[in-house]
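>>> sequence first, then the predicted structure, then my questions.
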Amino acid sequence: MRETVLDLGSTSVPAQLDGIRIARISTVPFFVATQLRKQIESLLKRGAIVTVVTSSGTEIGQLKSIQGVEIIVLDIPRGVSLGRNFLALLRMWRLFKKKNFDITHTTTPMAGLLTSIAAIVAG
């Protein structure tokens, strides 16, 4: 894995993230569309490869309008439902094995739990 060094003493030159694969995972697309859009656009401008993994919702269209981002719709339940949670975990594990992300970043509790487990198991 590549190491990116950020110079915290200077904010005038943004760190380049060429080829770094980042997954942003959320149970709901609303949060990603309303709170993370600018971050995602900034990451893309710096050369990162950004994938958003979220459940379906009306905000998917807004996410698709971000040029260069990959959207993967995966049912991630917000609450505890053993069957649905296990299925989401299995699908995330497969996705993480296939995509080999450098960074997985979550924004919601259930997505955080499932992502942590899937990322560790996927290696």
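Great, that's in hand.
>>> please compute how far the top helix by length along the chain lies from its chain's middle.
Criterion DSSP state H: the longest helix present in the chain is helix 82-99. Averaged C-alpha coordinates place helix 82-99 at 14 Å from its chain's average position (Cα atoms, centre = their mean, to the nearest Å).
>>> strands of the protein, start to end?
21-26, 49-54, 70-73, 103-106 (DSSP state E).
>>> and those strands: which comes nearest G123?
strand 103-106 (12.0 Å; Cβ to Cβ). Glycine gets a C-beta too; all of them are placed from N, C-alpha and C.
>>> strand partners of the closest one, parallel vs antiparallel please.
Sheet pairing of strand 103-106 (DSSP bridges) gives strand 21-26 (parallel).
>>> which other residues reach the strand it pairs with?
Contact with strand 21-26 is made by 32, 36, 40, 43, 48-54, 76, 92, 96, 99-108, 111, 115, as judged by Cβ atoms under 8 Å, 6 or more residues apart in numbering.
>>> ok, now with 7 Å
Residues outside strand 21-26 that contact it (Cβ atoms under 7 Å, 6 or more residues apart in numbering): 32, 36, 40, 43, 48-54, 99-108, 111, 115.
>>> do the same with stretch 116-123
Contacts of stretch 116-123 (Cβ under 7 Å, 6+ apart): 89, 92-93, 96-97, 104.
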